[in-house]
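Trainee: Dropping a prediction and its sequence here:
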Amino acid sequence: MSKADIEAQKVKEAYFTASQHQLIWQRFKKNKSALVGAWVLIALILSGLFSPFLTPYDPTIAGRNADYLNGAPEIPRFWDENGFSIRPFIYTTERTRSIQTNFRWVTEVKTGLEDRRYVYFFVEGSEYSLFGIKMNTHLFGVDKGFIHLFGTDSTGKDIFSRTFAAVNTSMAVGTIGVFIAFVMALLVGGISGYYGGWIDSVLQMITDTIRTVPAIPLFMALAAFIPDTWSAEMRFFFISLILGFINWPTLARRVRTHLLTERNQEYVLAAQLCGATPGHVIRKHLLPSFTSYIIVDLVISFPYMVLSETALSFIGLGLKDPVNSLGVMLQNVTNADVLLNYQWYFIPVIFFITLVLAFVFVGDGLRDAADPYGDSH
């Protein structure tokens with residue numbers, strides 16, 4: 001047997017002796033779009049988690065720049081007509097309202113050498129809490145004044161800081177919603193699929209009832225129910241809770257179908273004969289055989305949670321200012337004046353589309369890889 005044949009035999013043996021998770025990972029790595037989506041998704045998640053450090057200012061009204069309302073993005077540069085600079089800088093600006101522009105802000109850029117504002121890294125600024133640790137160090141800032149990479153909104157808040165904070169908020173809403181849906185699906189689907197009979201019939205009636213409830217009218221009713229005195233944190237938790245409670249039936253049905261198929265297998269009967277309780281059989285034997293598919297379903301459901309929060313906030317039924325979420329920020333782009341004059345308001349839209357697409361690519365890649373023996377030829 002040649003060396004090439006020996007290597008091929010080893011590869012074949014490794015394939016058929018690998019665990020399910022190893023097979024999924026090997027197949028997932030071959031999907032380039034899913035792999036790129038995974039890296040983009042990791043970058044967005046980390047940027048959201050560390051947004052207080054990565055951004056220069058407080059994303060709330062406390063970090064506003066009152067002298068630069070609806071200000072255009074300020075792009076650092078290394079040279080101008082005054083020469084080259086090793087340290088990046090932006091220009092100093094002065095703003096006035098002009099009758100020629102219907103009293104809109106007119107920005108005059110000063111390009112003198114003394115008017116440069118240099119960018120520094122690891123600067124001290126507003127205090128924030130990162131994983132429970134009080135800090136005031138930010139990744140970058142300028143020696144005087146403000147820097148707004150994505151511009152400012154009508155109240156002078158930094159859109160760059162708001163965007164990264166919004167990614168974190170939308171991800172947090174999605175995480176809480178998915179966790180609630182996950183627990184509910186495993187509980188209802190597990191009991192329904194394991195016991196069957198009248199218990200299955202009753203639980204499936206409840207599941208079908210929840211699936212038929214229209215989401216938008218439900219949220220319109222809930223929006224009317226929510227008191228105006230509720231804090232942003234209470235509204236945030238309530239929206240996450242409702243999203244979780246209306247999105248569990250799909251996964252519950254899949255868990256039920258799997259358990260109905262597997263509950264009569266020999267390894268389940270053996271566990272029952274050994275005196276294992278139903279909870280032990282479901283938790284230790286049935287659900288682990290379905291783990292990969294559950295993970296795939298959860299990843300795929302994430303973008304729908306984010307889309308739901310964004311859509312609800314966009315139409316005014318979800319989160320509202322002063323909360324920073326992608327849906328809240330998208331509310332600002334509905335004005336025709338923004339489309340004509342303040343195009344930088346659309347920058348958060350790019351992050352929203354990127355986040356959803358990354359989830360979709362990763363979810364599709366995991367779904368294809370969850371059946372690792374499907375292409376074993």
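Mentor: The structure has been received and is ready for your questions.

Trainee: Could you give the number of residues near F131?
Mentor: 8 (other CB atoms under 10 Å). C-beta: built from backbone N, CA, C; applies to glycine.

Trainee: again, but for V109
Mentor: With other CB under 10 Å as criterion, V109 counts 11.

Trainee: and it, that's in a strand?
Mentor: Yes: with DSSP: H, G, I helix; E, B strand; the rest coil as the criterion, V109 is part of a strand.

Trainee: which residues does it contact?
Mentor: Y91, T92, T93 (CB atoms under 8 Å, 6 or more residues apart in numbering).

Trainee: Which strand residues bridge it?
Mentor: For V109, the beta-bridge partners under DSSP bridges are T93.

Trainee: how far away is it from E74?
Mentor: 10 Å (CB to CB, to the nearest Å).

Trainee: Give the next helix or strand downstream of the lengthiest helix in the chain.
Mentor: If you go by DSSP state H, the chain has its longest helix at helix 159-195. Downstream of helix 159-195, the first helix or strand assigned by DSSP states H and E is helix 197-212.

Trainee: can I get the CA coordinates of that following helix in CSV?
Mentor: The C-alpha coordinates for helix 197-212 follow below in CSV (Å, rounded to 0.1, in the frame of the first residue of the first chain):
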residue,chain,number,x,y,z
GLY,A,197,-51.3,11.0,24.5
TRP,A,198,-53.7,13.6,26.0
ILE,A,199,-50.8,15.6,27.4
ASP,A,200,-49.4,16.0,23.9
SER,A,201,-52.8,17.0,22.6
VAL,A,202,-53.3,19.7,25.2
LEU,A,203,-49.8,21.2,24.8
GLN,A,204,-50.1,21.2,21.0
MET,A,205,-53.4,23.1,21.3
ILE,A,206,-51.7,25.7,23.4
THR,A,207,-48.7,25.8,21.0
ASP,A,208,-51.0,26.2,17.9
THR,A,209,-52.9,29.0,19.7
ILE,A,210,-49.8,31.0,20.4
ARG,A,211,-48.6,30.5,16.8
THR,A,212,-51.9,31.9,15.4
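
Trainee: Which strands and helices lie in contact with the following helix or strand past that helix?
Mentor: Note on helix 197-212: by DSSP H and E, the next helix or strand toward the C-terminus is helix 215-225. For helix 215-225, the packing partners by 3 or more CB pairs under 8 Å, 6 or more residues apart in numbering; DSSP states H and E come out as helix 232-246.

Trainee: hmm, 7 Å instead?
Mentor: Applying 3 or more CB pairs under 7 Å, 6 or more residues apart in numbering; DSSP states H and E, we find helix 215-225 packed against no helix or strand.

Trainee: May I have stretch 287-296 as CSV, with CA atoms only?
Mentor: What follows is stretch 287-296, C-alpha atoms only, in CSV (Å, rounded to 0.1, in the frame of the first residue of the first chain):
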residue,chain,number,x,y,z
LEU,A,287,-32.0,16.0,24.2
PRO,A,288,-28.2,15.4,23.8
SER,A,289,-29.0,13.4,20.6
PHE,A,290,-30.7,16.6,19.3
THR,A,291,-28.2,19.1,20.7
SER,A,292,-26.7,20.2,17.3
TYR,A,293,-30.0,20.9,15.8
ILE,A,294,-31.1,22.9,18.8
ILE,A,295,-28.0,25.0,18.6
VAL,A,296,-28.6,25.6,14.9
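
Trainee: If you count contacts, what does the longest helix of the chain end up packed against?
Mentor: Short answer (3+ CB pairs under 7 Å, 6+ apart): helix 159-195 packs on helix 32-49, helix 51-54, helix 197-212, helix 232-246, helix 249-262, helix 291-314, helix 326-330, helix 347-369.

Trainee: Can you check the pLDDT for F16?
Mentor: Looking at F16, its pLDDT is 55.

Trainee: from what I can see T310 touches L326, true?
Mentor: Yes: between T310 and L326 there is a contact at 5.0 Å, judged by CB atoms under 7 Å.

Trainee: Next, count neighbours for the closest residue to D158 other than its chain neighbours.
Mentor: Sequence neighbours aside, Y57 is the residue nearest to D158 in space, at 4.7 Å (criterion: CB to CB, 6 or more residues apart in numbering). Neighbour count of Y57, defined by other CB under 10 Å: 23.

Trainee: Grab the most central residue of this structure for me.
Mentor: Nearest to the geometric centre of the chain sits M171, at 3.4 Å (CA atoms, centre = their mean).

Trainee: separation between that residue and L355?
Mentor: Using CB to CB, M171 is found at 8 Å from L355.

Trainee: Domain-wise, how is the protein divided?
Mentor: Listed domain ranges for the chain are 56-154, 163-369 (source: automatic domain parsing).

Trainee: which regions of the stretch 51-200 of the chain sit below the pLDDT cut-off?
Mentor: 98-108 (pLDDT under 70).

Trainee: so what's the backbone phi/psi at F84?
Mentor: phi -90, psi 150 (degrees, to the nearest 10).

Trainee: so what's it bridging to?
Mentor: Beta-bridge pairing for F84 (DSSP bridges): W79.

Trainee: count of neighbours near it?
Mentor: 8.

Trainee: Surely it touches R116?
Mentor: No: using CB under 7 Å, F84 makes no contact with R116, being 11.8 Å away.

Trainee: ok so, going back, for G279, find the nearest of the helices and strands packed on helix 159-195.
Mentor: helix 249-262 (12.8 Å; CB to CB).

Trainee: Let me see the residues that make contact with that closest one.
Mentor: 181, 184-186, 188-190, 192-194, 196, 207, 210-211, 268, 286, 289-290, 293, 297 (CB atoms under 7 Å, 6 or more residues apart in numbering).
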